[in-house]
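Chemist: next comes the sequence, and after it the predicted model I'd like to discuss.
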Amino acid sequence: MNHLVKVLFLSAMLVLSACSKKEDTPAQNPATQPLIVKIGQASPLTGPQAAIGKDNENGARLAIEDANAAKIKIDGRDVQFELMSEDDQADPKQGTLVAQKFVDARVNAVIGHLNSGTSIPASKIYSDAGIAQVSPSATAIEYTHQNFKTTFRVMANDGQQGKALAQFAAGTLKVRTAAVIDDKTSYGQGLAGEFSKTAAASGIKIVAEEHTDDKSFDFSAILTKIKATKPDIVFYGGMYPQAGPMVSQMKKLGIPAKLLTGDGGCAVEFLNLAGDAAEGHYCSLPGVPLDKMPGGKKFEEHFKARFNVGIQQYAPNAYDAVMVVVEAIKRANSADPARIVAELPKTNYVGVTSSALAFDENGDIKDISVTIYQYTGGGKKAVETIGAAPAAAAAIAEPAKPSGPY
Amino acid sequence: METFIQQLINGLTLGSIYALVALGYTMVYGILGLINFAHGEVVMIGALTALAVVKPLVGVLPGPLVALIGLVVAALVCMVLGFIIERVAYRPLRNAPRLAPLITAIGVSIVLQQLAMIIWGRNYHPVPDLLPSAAHEIFGAQINDLQILIMVTAALTMAGLMLLVNQTRLGRAMRATSENQSIAALMGVDANRIISLTFVIGSALAALAGFLVSANYGVAHYSMGSLLGMKAFTAAVLGGIGNLGGAMLGGVLLGVIEALGAGYIGDLTGGVFGSNYQDVFAFFVLIIVLVFRPSGLMGEKVSERA
């Protein structure tokens, strides 16, 4: 019975959507009908990451509503933005299916996906179709380095994060020597490699380079070797299931150096796994904490008022990703996917997350910001934000820059 | 020198755990000629059960007592589990072709892992410090009470098992069953009971190993058993599968080789190979040993089974 209702409902929806499609055809009545611009949004809406997936969707939805409220016109015609949100289940296979669905539905641009693992396989499909893809949160370097013209992201990538971590080690911690461990995954190696490169360039001596894997629980052998080299700091490129036990084992072995790791080790679970040993270690997250974002506070209130839930993680980034596309449409005076792709590299936007959102030649953001946190007293607190453009100064210096409501 | 001793301690600790798990593989193999691939998962169930029992008791009772309760419950659960596994997955196939119980072994291992995932979730669970872990210094290297406890436990267990197999009535029945099941049965040995007991004892050891490994490394996870099982199986083969002393020797050797391999392979090869070749190094040693001693370090030449 339940099933029947579902089927009936779905078929009704189908008929409805088929009807609305007909009405949309701009040729019919170009002067009075609004131009429909469809923005695809892909993130895991079910499964373990559903909470942050829904958060991305909410961020994008808020941006779409704000864009509609701004009454944008293209060639004198009203533009109506529509959000088409799909569940990619954080699964690469499902991600490509969703991508194909977007292409078939002729979306004008795509916001997503949330994960690097889904963004990368899907990017080939968008590239072939010539549709711009702006990911709010995929950080794998590879995503924007496939020679596709359509890939963009509004968050620092792993390479930029590694670089920022090295700058922090050299500039703030003033360490002279570092030991580097990675977990042999593309994420861990990418992060550790970039850290080592920048650290070496800033005069930090890399005294040991060790490797483990993402299933290991025993690090005593490599840590013992590291202990003998007496590094000022230990860098780990990997995830929290290893980083947590690693700091406990460092404590047991009597290694005084602190651990420095990226976003993979910046999860609450790290604290549970490391226990008392967590104290004093560092980790980083791309972006700035919400209260330090140029438009963070206002955005949070607005978001809360609209959805009645708090921000989980990347909603501000998803919001900016949509707004960057909206700006590109405004500049191009067209919603043609090809024109959007051509216009995106010229982005220079004051958003929620950054006061100077601009892309480099790969589609990565230019003014990256990475925030370093220190675990202390059973929690973590922001210590320093690397590379953030000061909000007020930038806004005053360049008043002509387009900006959103924040 | 200090680093060398530290690596030796690391290796002996890990090796003692490998040895405890390897004993389970080798006991079953000795009697049935079967590789019980589900054994690693029993270790995992032991670790997670102990953790589940211990969690609500932390702070209520003194640490070592809580640990003991956790261990006993885990051992009981694993013994029942071992008994059921043998009854359900192996006994019906005792006279089937060799491949069949191998497949059910893999099946049981998948079932146990998924079951643990459903019960305990995908998260990594922190394990509270219950046992004394005060650090001592010997020749500049750190060794803590827990590590000493692990080594001593492994050695005592080994000795106890040796006594059991070589000195008791049960041991004699085990040896007889291992030689020839049907003849042993003719001599009045209840082979089914002996086989069940072997599984039960092996599973208790697995629970002990799981408990110790999670306590030492401070973490337990539903997939922790596969890697540990694989390494312990390797250790059993290295020492000579079917031979109790061999399992012990193989386990300790493998642990030490891994630790020293990770520590020194870079220096030995002038930096060409790093600690990422840790596992390669261990398996390389295994291959070399098997080339020269196909039945392992302490294995005797096995005559054809009837």
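Modeler: Yep, it's here.
Chemist: next up, phi/psi of the residue of chain B most remote from its centre, please.
Modeler: Taking Cα atoms, centre = their mean, the residue of chain B most remote from its mean C-alpha position is B:Gly270, at 34.4 Å. Note on B:Gly270: its backbone torsions stand at phi 60, psi 30 [degrees, to the nearest 10].
Chemist: separation between it and B:Leu253?
Modeler: Applying Cβ to Cβ, to the nearest Å, the value for B:Gly270 to B:Leu253 is 25 Å. Just so you know, the C-beta spots here come from the backbone N, C-alpha and C atoms, and that holds for glycine as well.
Chemist: contact residues of chain B facing chain A?
Modeler: Applying Cβ under 8 Å from any Cβ of the partner chain, we find that chain B lies next to chain A at B:2-3, B:6-7, B:10-11, B:13-14, B:122-124, B:126, B:128-129, B:133, B:135, B:142, B:144, B:213, B:217-219, B:221, B:223-224, B:227, B:258-263, B:266, B:274-276, B:278.
Chemist: among those residues, name the buried ones.
Modeler: Among the residues of chain B next to chain A, those classed as buried by 16 or more other Cβ atoms under 10 Å in any protein chain shown are B:3, B:6-7, B:10-11, B:13-14, B:124, B:126, B:128-129, B:142, B:144, B:213, B:217-219, B:221, B:223-224, B:227, B:258-263, B:266, B:274-276, B:278.
Chemist: give me the neighbour count for residue 36.
Modeler: By default, I'm working from chain A. Burial of A:Ile36 is recorded as 17 neighbouring residues (other Cβ atoms under 10 Å in any protein chain shown).
Chemist: my bad, the chain I had in mind was chain B
Modeler: Counted with other Cβ under 10 Å, residues neighbouring B:Asn36 total 31.
Chemist: residues in contact with the closest residue to it other than its chain neighbours?
Modeler: Nearest residue to B:Asn36, sequence neighbours excluded (Cβ to Cβ, 6 or more residues apart in numbering or on different chains): B:Val28, at 4.5 Å. Applying Cβ atoms under 8 Å, 6 or more residues apart in numbering or on different chains, we find B:Val28 in contact with B:34-36, B:39, B:198-199, B:202.
Chemist: B:Val28 falls within a strand, correct?
Modeler: No. B:Val28: not assigned to a strand; according to DSSP: H, G, I helix; E, B strand; the rest coil it is helix.
Chemist: which residues are contacting stretch A:270-284?
Modeler: A:161, A:164-165, A:168, A:240-241, A:243-245, A:247-248, A:250-251, A:258-263, A:265-266, A:370-380, A:383, B:124, B:126, B:128-129, B:218-219.
Chemist: once you drop chain neighbours, what's closest to residue 237?
Modeler: Since you didn't name a chain, this refers to chain A. A:Ala192 (3.2 Å).
Chemist: sorry, I should have been clearer: chain B.
Modeler: B:Gly296 (5.9 Å).
Chemist: ok, back up a step: what pLDDT does the residue nearest to B:Asn36 get?
Modeler: B:Val28 carries a pLDDT value of 92.
Chemist: what ranges does the chain have for its helices?
Modeler: I went with chain A, as the question did not name one. Under the criterion DSSP state H, helices of chain A are mapped to A:2-24, A:50-69, A:92-104, A:116-129, A:158-171, A:186-201, A:220-229, A:240-253, A:268-274, A:296-307, A:315-332, A:337-343, A:391-397.
Chemist: not quite, I wanted chain B
Modeler: Counting by DSSP H, chain B has these helices, from start to end: B:2-32, B:39-54, B:63-85, B:99-120, B:145-167, B:169-179, B:181-186, B:191-217, B:224-239, B:244-268, B:278-292.
Chemist: excluding sequence neighbours, find me the nearest residue to the residue of the stretch 301-406 of chain A at minimum distance from chain B.
Modeler: Minimum separation of the stretch 301-406 of chain A from chain B (Cβ to the nearest Cβ) falls at A:Gly378, amounting to 12.9 Å. For A:Gly378, ignoring the flanking residues on the chain, the nearest one in space by Cβ to Cβ, 6+ apart is A:Leu271 at 6.5 Å.
Chemist: same thing with B:Ala209?
Modeler: The shortest distance from B:Ala209 to any non-neighbouring residue, by Cβ to Cβ, 6+ apart, is to B:Leu20 (3.9 Å).
Chemist: that older thread, could you check how far the residue nearest to B:Val237 is from chain A?
Modeler: Computed with Cβ to the nearest Cβ, to the nearest Å, the distance linking B:Gly296 and chain A is 24 Å.
Chemist: what's the closest of the contacts of B:Val28 to chain A?
Modeler: Comparing the contacts of B:Val28 against chain A with Cβ to the nearest Cβ places B:His39 closest, at 17.9 Å.
Chemist: just checking, that closest one touches B:Met27?
Modeler: No. Taking contacts as Cβ atoms under 8 Å, B:His39 lies outside contact range of B:Met27: 9.7 Å.
Chemist: between the two, which is the more surrounded one?
Modeler: Neighbours of B:His39 and B:Met27, each counted by other Cβ under 10 Å, are more numerous for B:His39; the result is 32 against 26.
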